[in-house]
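J.: structure, please.
(4 chains)
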Protein chains: 2
Amino acid sequence: MTSDGRSLRGDATRVLVLDTALEMFAEHGYRATSVRDIAARCGMTHPGLLYHFPSKAALLMAALQRRDDVDCVDGEVRELGFNRLDARAVLRHLITSAKNNAGKRGLVELFANLSVEATAPDHPAHDYFVERYATLRATVTRSLTDLGREGALRPGVVPGIAAAQVIAVMDGLQVQWLLDPQGIDMAAALEGLVNGMLIEPL
Amino acid sequence: MTSDGRSLRGDATRVLVLDTALEMFAEHGYRATSVRDIAARCGMTHPGLLYHFPSKAALLMAALQRRDDVDCVDGEVRELGFNRLDARAVLRHLITSAKNNAGKRGLVELFANLSVEATAPDHPAHDYFVERYATLRATVTRSLTDLGREGALRPGVVPGIAAAQVIAVMDGLQVQWLLDPQGIDMAAALEGLVNGMLIEPL
DNA sequence: GTCTATATCAGGATAGAC
DNA sequence: GTCTATCCTGATATAGAC
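T.: Numbers count the residues shown, from 1 in each chain, chains lettered A, B, ... in the order given. This next block holds a predicted model:
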């Protein structure tokens, strides 16, 4: 038994289920993936799976959480935490993410779909995404505010609005890229936008 | 009978179904609206409805087409057609649309959800959206190119990339707005972005 | 605590009667 | 052109074996 009362075997199953679920959600989308499919690939039946997670929605949330925990990106971010990076590093990191995403269509699809689905107030991931966006926007706003204090911002750039624009471009470019992967360079377009807000490019 | 072989009564039913469907899709989303629900509100059964449209997906496509036909926005656009407006009018129109959208949450939700769903190559609306985005981007690119020729563009603004950014911001802001309608002014943020690309504001 | 078996319900789609 | 009946698949809940 672990300290929180779950058996070791149960935990191993949970982890297997979470990783399998994220993989399949990324591959086929949340809605197109049934609990039965996930359970089958884990070598169990779907009620067996639902013992560990009360619902498909709960499974989704747990998988997202796990991704946040495990996938904590490389380099500076892992050590410091994204929201404690210095202003330019935050912006650079967003661009790096965009670059990395171009290799993982499934995950881009998953998050693009989810962030829109989760827009519905009664969606299981609604609070997660509200929180996620609020935090992200606060971090970017702070970065831009810092840069503004240094006099590094172009005149007319308002940190709060610019932050929303940067995040919006990240999301919106994903849709265009998913529709036509050859038609666009997400990282370049994002970098162009950010540099357009700065006096000196990053 | 009409020239294409459908009875007049049948056409009336089709139109009723299309309008009802668009309304309900906009209200509750595509996936959360069942064919049975739509049929019921039309006073028929769902196989009855499916006589007119072979599948739910086909119904969706027909409803989108109808919206494009009927809803042809007001003013200049209706007369000229969006892609024949002059450069500044195109950009102004995008901002006006963003402003109008803030009053129609349901439709914003529908299109936000659909454009992401339709990202999947096998989605019934895939081709519709690929086409839609390609056209929109071409129009915006052309507008910015025109402005560039007039010397109205800030140095460093590349029309093709800037067009992708503008469209991406429109889409991305919708997500943020849907998640937190109070937190953002879509039209203002879009206008800010566009003006940041121009030497003289619109 | 972990899982199987089983039951129930809802949505999309089709066949065939009227 | 519309309805009744039916099939299939997926989501969810519960009983109970181990």
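
J.: all helices for chain A, in order.
T.: Taking DSSP state H to define them, one finds helices in chain A at A:8-28, A:35-41, A:46-52, A:56-70, A:76-80, A:87-101, A:105-117, A:126-149, A:159-179, A:186-197.

J.: do you know which of these lies nearest B:Ala89?
T.: Ranking those by their distance to B:Ala89 (criterion: Cβ to Cβ) puts helix A:159-179 first, at 22.2 Å. C-betas here are computed from N, CA, C, even on glycine.

J.: name the residues of chain A found near DNA strand D, please.
T.: Residues of chain A lying near DNA strand D by Cβ under 7 Å from any atom of the strand: A:31, A:33-37, A:46-47, A:50, A:54-57.

J.: which residue in those has the weakest pLDDT?
T.: pLDDT across the residues of chain A next to DNA strand D is lowest for A:Arg31, at 70.

J.: is stretch A:115-134 positioned near chain B?
T.: Yes. Stretch A:115-134 reaches chain B (Cβ under 8 Å from any Cβ of the partner chain) through A:115-120, A:126, A:129-130, A:133-134.

J.: which of those are buried?
T.: A:115-120, A:129-130, A:133 (16 or more other Cβ atoms under 10 Å in any protein chain shown).

J.: tabulate those residues (CSV), appending pLDDT.
T.: Below are these laid out as CSV (pLDDT from 0 to 100):
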residue, pLDDT
A:Ser115, 89
A:Val116, 87
A:Glu117, 81
A:Ala118, 84
A:Thr119, 87
A:Ala120, 82
A:Phe129, 91
A:Val130, 93
A:Tyr133, 96
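
J.: just those now: which is nearest B:Glu27?
T.: Here the nearest of these to B:Glu27, counting by Cβ to Cβ, is A:Ala120; it sits at 11.5 Å.

J.: and the closest one, what does it touch?
T.: Taking Cβ atoms under 8 Å, 6 or more residues apart in numbering or on different chains, we find A:Ala120 in contact with A:126, B:29, B:109.

J.: thought A:Ser143 was touching A:Asn83?
T.: No. A:Ser143 is beyond contact range of A:Asn83, at 9.5 Å (criterion: Cβ atoms under 8 Å).

J.: neighbour count: those two, which is higher?
T.: Shown here are A:Ser143 and A:Asn83; by other Cβ atoms under 10 Å in any protein chain shown, A:Ser143 has more neighbours (24 against 14).

J.: distance of that one relative to DNA strand D?
T.: Per Cβ to the nearest atom of the strand, to the nearest Å, A:Ser143 is found 39 Å from DNA strand D.

J.: same thing with A:Phe82?
T.: On the measure of Cβ to the nearest atom of the strand, A:Phe82 and DNA strand D end up 32 Å apart.

J.: isn't that residue right up against A:Val90?
T.: Yes. Look at A:Phe82 against A:Val90 with Cβ under 8 Å: they come within range, at 7.1 Å.

J.: which residues do those two both contact?
T.: If you check A:Phe82 and A:Val90 against Cβ under 8 Å, 6+ apart, the residues they both contact are A:Thr139.

J.: contact partners for A:Gly156?
T.: Residues in contact with A:Gly156, defined by Cβ under 8 Å, 6+ apart, are B:192, B:195-196.

J.: name the nearest of the residues of chain A next to DNA strand D relative to DNA strand C.
T.: Taking Cβ to the nearest atom of the strand as the measure, DNA strand C sits nearest to A:Pro47 out of the residues of chain A next to DNA strand D, at 2.7 Å.

J.: counting neighbours, what do you get for that closest one?
T.: Neighbour tally, A:Pro47, other Cβ under 10 Å: 10.

J.: check A:Thr20 too.
T.: A:Thr20, neighbours per other Cβ under 10 Å, totals 20.

J.: ok, it - contacts?
T.: Per Cβ under 8 Å, 6+ apart, neighbours of A:Thr20: A:38, A:41-42.

J.: right, and A:Thr92 touches A:Pro201 too?
T.: Thr isn't right for residue A:92; it's Arg. No. Judged on Cβ under 8 Å, A:Arg92 makes no contact with A:Pro201 at a distance of 11.1 Å.

J.: of these two, who's got more company?
T.: Neighbours were counted for A:Arg92 and for A:Pro201 using other Cβ under 10 Å; A:Arg92 has more, 16 against 10.

J.: could you find the closest non-adjacent residue to that one?
T.: Once flanking residues are discounted, A:Arg92 sits nearest to A:Leu202: 5.9 Å by Cβ to Cβ, 6 or more residues apart in numbering or on different chains.

J.: for chain A, give me the ranges with low pLDDT.
T.: Residue ranges of chain A with pLDDT under 70: A:1-10, A:71-80.

J.: ramachandran angles for the residue of chain A found nearest DNA strand D?
T.: As assessed by Cβ to the nearest atom of the strand, DNA strand D sits closest to A:Ser34 within chain A, at 2.4 Å. Dihedral angles of A:Ser34 (phi, psi; degrees, to the nearest 10) stand at phi -90, psi 150.
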